[in-house]
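Q: model the structure of this input:
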Amino acid sequence: MGNFFNFVIEHLAQFLQFTAFANMTIGHVIMICIGLYFIYLAIAKEFEPMLLIPIGFGILVGNVAFAPGYQIGVYESGSVLNYLYFGVLQGIYPPLIFLGIGAMTDFSALISNPKLILIGAAAQLGIFGAYCLALALGFSPTEAGAIGIIGGADGPTAIFLASKLAPDLLGAIAIAAYSYMALVPVIQPPVMRLLTTPKERLIRMKPPRVVSKTEKVIFAIAGMLLTTFIVPSGLPLLGMLFFGNLLKESGVTKRLADTAKGPMIDIVTILIGLTVGASTQATTFLTMKSVGIFALGAASFVVATFGGVMFVKILNLFLKEGNKINPLIGNAGVSAVPDSARVSQVVGLEYDKTNHLLMHAMGPNVAGVIGSAVAAGILLSFLA
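A: Sure thing, here's the model as predicted:
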């Protein structure tokens, strides 16, 4: 009987060594709390639930502590999570998301008022500002380039560039990019109010003209050729973006466009969110570099918003009365579609309940999508 009792105790102790309780560290607890907070923001505050719920749950999955060697974790070769994470590491998922974005994007506002593309370009100041700050803080040029792209407010682009330039920082960069994308309604309004005057907030813009189907089709083809001829390294993102848009605007490939903007982008979003979240294992994620990346990400969003709003104010100095642009749409130059455009609308309605800015803000917003991909291509071309 004593031998049996000892046998049971010995094997029970051995079993307990392989439970998450035995392998848990304070870092795992911190990350699980962060994952729960992401889920809370998604459900209670409705901050980007399509992104934050997969990422938050992925953080929980990635921080169930386990003994190594059992092919469980995202970093263990042969594990299911490792295979799913392959699409992140090799930059496969981001172009597929860009295909879906292209299939759901209407470039009419941009085509009808081409100067709005300059606002999208100006907002990319956040990318290069964060790049310079990262260099100043001691990050290598490739790491700084991957961190800087957070300022574009474009999660897929951030993942794509980080997978090429700084794979070891990919988890922190992706989490920071998606976190700040979700917090656009919190980060941008104070900057917008600070930089604009009461008179500027009341500027009314002319309604955009009607854009023909022919113009939209030409824009999709010409846009792809022009941007990729200038920045060939951005082809995986820009090519798929404009291809998706051509599927939508051609009018003869509705099934393909519906698949790209519906089931396909939903599946890829689930996979990218879950695996990026799972990559935040406390043993590899909780470092001073990760803290620095989050700080730089916040700064880059502020700088990007500053760049977009201030550019509109400067541009208005050269525009005639009646053609001026409301600087409250300057924030929409970042690539967070359509959240930053909605922020323009919400803040504008605070000062004039009849001044609807959403249709105008979509111009720089979609320009920001193109701009962030072009910026990623530029960084990739001279840092890779």
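Q: secondary structure element holding the closest residue to Tyr131 other than its chain neighbours?
A: Setting aside the residues directly before and after it, Tyr131 is nearest to Gly148 in space (CB to CB, 6 or more residues apart in numbering), at 3.3 Å. Placement of C-beta: from N, CA and C, glycine included. Using DSSP states H and E, Gly148 falls within helix 141-148.
Q: where do the strands sit along the stretch 251-384 of the chain?
A: Counting by DSSP state E, counting those that start in this stretch, no segments of the stretch 251-384 of the chain form strands.
Q: thought Ser233 was touching Leu380?
A: Yes: applying CB atoms under 8 Å as the test, Ser233 and Leu380 come out as touching, 4.4 Å apart.
Q: more neighbours: these two, which one.
A: Comparing Ser233 with Leu380 by neighbour count (other CB atoms under 10 Å), the higher total belongs to Leu380, at 22 against 19.
Q: flag every buried residue along the longest helix along the chain.
A: If each helix of the chain is counted by residues according to DSSP state H, the longest one is helix 288-316. With burial defined by 16 or more other CB atoms under 10 Å, the residues of helix 288-316 counted as buried are 289-290, 292-294, 296-313, 315-316.
Q: helices and strands around it, which ones?
A: Counting contacts by 3 or more CB pairs under 8 Å, 6 or more residues apart in numbering; DSSP states H and E, helix 288-316 is packed against helix 117-122, helix 125-136, helix 141-148, helix 170-182, helix 184-195.
Q: show the subsequent helix or strand relative to the helix or strand harbouring Gly102.
A: Counting by DSSP H and E, the element that carries Gly102 is helix 93-104. Stepping forward along the backbone from helix 93-104, the first helix or strand reached (DSSP H and E) is helix 108-112.
Q: which helices and strands does that following helix pack with?
A: If contacts are counted by 3+ CB pairs under 8 Å, 6+ apart, helix 108-112 sits against helix 213-230, helix 358-383.
Q: go with 6 Å
A: Helices and strands touching helix 108-112, as assessed by 3 or more CB pairs under 6 Å, 6 or more residues apart in numbering; DSSP states H and E, comprise helix 358-383.
Q: and the helix it packs on, which residues are buried?
A: Within helix 358-383, the residues scored as buried using 16+ other CB under 10 Å are 358-380, 383.
Q: number of nearby residues for Phe86?
A: By the measure other CB under 10 Å, the count of residues near Phe86 is 12.
Q: which SS class is it?
A: Following DSSP: H, G, I helix; E, B strand; the rest coil, the label given to Phe86 is helix.
Q: look up how far Ser77 lies from it.
A: As judged by CB to CB, to the nearest Å, Phe86 and Ser77 stand 11 Å apart.
Q: now do the shared contacts for the two.
A: Counting by CB atoms under 6 Å, 6 or more residues apart in numbering, Phe86 and Ser77 have no shared contacts at all.
Q: and stretch 348-358, end to end?
A: Taking CA to CA, to the nearest Å as the measure, stretch 348-358 stretches 9 Å from start to finish.
Q: oops, could you answer that again for stretch 248-267 instead?
A: Across stretch 248-267, the straight-line distance between its terminal residues is 19 Å, by CA to CA.
Q: let me see the mean pLDDT of it.
A: Summarised as a single mean, pLDDT over stretch 248-267 is 96.
Q: list the contacts of Leu247.
A: Leu247 sits next to Ala103, Thr253, Leu256, Ala257 when contact means CB under 6 Å, 6+ apart.
Q: contact partners for Lys261?
A: Contacts here follow CB under 6 Å, 6+ apart; on that basis Lys261 touches Gly100, Ala103, Met104.
Q: could you flag which of those are buried?
A: Applying 16+ other CB under 10 Å to the contacts of Lys261, the neighbour count classes Gly100, Ala103, Met104 as buried.
Q: per-residue pLDDT, the last one?
A: So that's Met104. At Met104, the predicted lDDT confidence score is 94.
Q: one more: Ile9?
A: On pLDDT, Ile9 comes in at 73.
Q: distance of it from Asn3?
A: With distances defined as CB to CB, the gap from Ile9 to Asn3 amounts to 11 Å.
Q: and the two? Which one has more around it.
A: Taking neighbours as other CB under 10 Å, Ile9 and Asn3 compare with Ile9 leading, 10 against 7.
Q: give me the element that one is part of.
A: Counting by DSSP H and E, Ile9 is part of helix 2-17.
Q: pull out the buried residues from whichever helix or strand comes after that helix.
A: Later in the chain than helix 2-17, the nearest helix or strand by DSSP H and E is helix 20-23. Applying a neighbour-count criterion of 16+ other CB under 10 Å, one finds nothing buried in helix 20-23.
Q: can you list contacts of helix 20-23?
A: For helix 20-23, with CB under 6 Å, 6+ apart as the criterion, the contacting residues are Leu16, Val64, Ala65, Ala67.
Q: please repeat the previous calculation with a cut-off of 7 Å.
A: Where contact means CB atoms under 7 Å, 6 or more residues apart in numbering, the residues beyond helix 20-23 that reach it are Leu16, Val64, Ala65, Phe66, Ala67.
Q: what pLDDT does the nearest residue to the second one once chain neighbours are set aside get?
A: This points to Val64. For Val64, the nearest residue in space outside its immediate sequence neighbours is Ala20; the separation is 5.1 Å by CB to CB, 6+ apart. According to the prediction, Ala20 has pLDDT 81.
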